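Colleague: Show me the folded form of this:
(one chain, ligands or ions: 1)
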Amino acid sequence: MRIFDPHIHMTSRTTDDYERMAAAGVRAVVEPAFWLGQPRTSVGSFTDYFDSLVGWEPFRAGQFGVRHHATIALNPKEANDPRCRAVLDVLPRYLEKDGVVAVGEIGYDSMTPEEDEVFAAQLALAVEHELPALVHTPHRDKARGVERTLAVVVESGIGAGRVVVDHLNEVTVRAVRDSGCWLGFSIYPDTKMSPPRMVELLKAYGTERVLVNSAADWGRSDPLLTRATGEAMLAAGFTDDDVDLVLWRNPVEFYGQSGRLDLSDVDAEPTFAGNSILRGGG
Ligand SMILES: [Zn+2]
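Modeller: Okay, here's the model as predicted:
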C-alpha cells in the first residue's frame, strides 16, 4: 500500500513517527503551515517557520524515504492578531518556491471579520500564483462554517477543482461534493472522523475527489490513521485499486495542479537508511 498523506504537521512529530510512517507505506506528505499553539507575535517567527517547512523538514523527511512538500499561508486563528497581519506581505515570495504546492491552510476558525479579509486575500494569492488552496473548516459550528467557506470560494473566482475543503464529516460532505471542490477528511484517534466512519462515507459518496489525511500535529493524533483507513477499506470490500486511488492518486492529482509535485524516485518499498545524520542535533 503506497500512501500520500496530504495534510500532516511533521514539524510537531518525532523521528519515530517518520520511521513508523515509512514502514507503513507513507512515501509522500504535504505539510500545511498552521498554528503552533504558542501565539506568534512577529512576522519573523513566521518566516523562520516557513523556511523550515521548505528547508529543514524536507531534508529530515528525506532521511526516512518520505518526500515532503509544503503549503504556506497565514492560518485562520492567527489571522485575528493584528501583529501577524503583515505575514500576508511575505507570502508571495514563499508561494514561488519549488516545494510549495498550495496556499494553506486558510479558511475560518471563529468566523470573524478579520478571518473574512485574510481568507479572501489568500484565495486571491492562490489565483495569482496559480496554486491550489487547502481550506480548513472550523471544528465548532461546522455546517455554517462550510456554507460560508463555499460562498467565499465561489466569490474568489478560483476554480472549485483547485480547492480542497478539509476536516469534513457526515454533516458537511454533501455541500462540498455538490460544490465541485475536493473533499478532505482528517481521521482522528478518538474524536470526530474515524476509519470506520470514513469507510461508510466512501460507500455513500464514492472515491472521486476524496483526500484522506491524518492531520497529525502537536495534539492527540496518529500519523498511521491513513494506513488504518486503507485497511478498513479493504476489509469492507474495496479493491486495492480503490485504496490506491484514495491514498495515492487523488492527492497526486490534486497537488499536481501546482506543477511542482516532485515524486521522482519515490520507491514502492521503504528505503529509509536510519537517522544517524539526525542524531545529536539537540
Ligand atoms: Zn492542519
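Colleague: does the residue in the stretch 151-282 of the chain that the ion sits nearest to count as helix, strand or coil?
Modeller: Proximity of the stretch 151-282 of the chain to the ion (C-beta to the ion) peaks at Ala215, 4.9 Å away. Where C-beta positions appear, they are placed from N, C-alpha and C, glycine not excepted. At Ala215 the chain is in coil, as set by DSSP: H, G, I helix; E, B strand; the rest coil.
Colleague: surely it meets Phe185?
Modeller: No. Contact criterion C-beta atoms under 8 Å: Ala215 and Phe185 do not qualify, at 9.2 Å.
Colleague: Can you check which residues contact both of the two?
Modeller: Common neighbours of Ala215 and Phe185 (criterion: C-beta atoms under 8 Å, 6 or more residues apart in numbering): 166-167.
Colleague: and the closest residue to the ion within the stretch 51-200 of the chain, helix, strand or coil?
Modeller: Relative to the ion, the nearest point of the stretch 51-200 of the chain is Glu105 (5.4 Å; C-beta to the ion). Here Glu105 is recorded as strand under three-state DSSP.
Colleague: Which residues are in contact with it?
Modeller: 7, 32-34, 71, 73, 75-76, 134-136, 166 are the contacts of Glu105 under C-beta under 8 Å, 6+ apart.
Colleague: so how far is Gly230 from it?
Modeller: Distance of Glu105 to Gly230, computed by C-beta to C-beta, to the nearest Å: 24 Å.
Colleague: Look up the closest residue to Glu19, ignoring the ones flanking it.
Modeller: In this structure, Glu19 finds its nearest non-sequential neighbour in Phe64, 6.1 Å apart by C-beta to C-beta, 6 or more residues apart in numbering.
Colleague: Assumed the one you found was part of a helix.
Modeller: No. Going by three-state DSSP, the assignment for Phe64 is coil, not a helix.
Colleague: my guess is it meets Ala24, correct?
Modeller: No. The pair Phe64 and Ala24 does not pass the contact test of C-beta under 8 Å, sitting 11.4 Å apart.
Colleague: Tell me which helix or strand Val243 sits in.
Modeller: Using DSSP states H and E, Val243 maps to helix 240-244.
Colleague: which of the residues in that helix are buried?
Modeller: For helix 240-244, the neighbour count (16 or more other C-beta atoms under 10 Å) marks 242-244 as buried.
Colleague: same for the following helix or strand past it, what does it pack against?
Modeller: Later in the chain than helix 240-244, the nearest helix or strand by DSSP H and E is helix 250-256. Contacts defined by 3 or more C-beta pairs under 8 Å, 6 or more residues apart in numbering; DSSP states H and E place helix 250-256 against strand 3-5, strand 26-32, strand 210-213.
Colleague: still on that earlier bit, PyMOL command to pick out the buried ones of the contacts of Glu105?
Modeller: The buried residues among these can be selected in PyMOL (16+ other C-beta under 10 Å) with this line:
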select buried, resi 7+32+33+34+71+73+75+76+134+135+136+166
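Colleague: could you pick out which of the contacts of Glu105 are near the ion?
Modeller: Within the set of those, contact with the ion (C-beta under 5 Å from the ion) is found for Phe34.
Colleague: Alpha carbons of stretch 248-258, as PDB, please.
Modeller: In PDB, the C-alpha atoms belonging to stretch 248-258 read as follows (Å, rounded to 0.1, in the frame of the first residue of the first chain):
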ATOM      1  CA  TRP A 248      -2.100   8.000  -3.500                       C
ATOM      2  CA  ARG A 249      -3.500   9.000  -6.900                       C
ATOM      3  CA  ASN A 250      -6.100  11.500  -5.600                       C
ATOM      4  CA  PRO A 251      -3.600  13.600  -3.600                       C
ATOM      5  CA  VAL A 252      -1.100  13.400  -6.500                       C
ATOM      6  CA  GLU A 253      -3.800  14.700  -8.900                       C
ATOM      7  CA  PHE A 254      -4.900  17.500  -6.500                       C
ATOM      8  CA  TYR A 255      -1.400  18.800  -5.600                       C
ATOM      9  CA  GLY A 256      -0.100  18.000  -9.100                       C
ATOM     10  CA  GLN A 257      -2.100  21.000 -10.200                       C
ATOM     11  CA  SER A 258       0.700  23.200  -8.700                       C
END
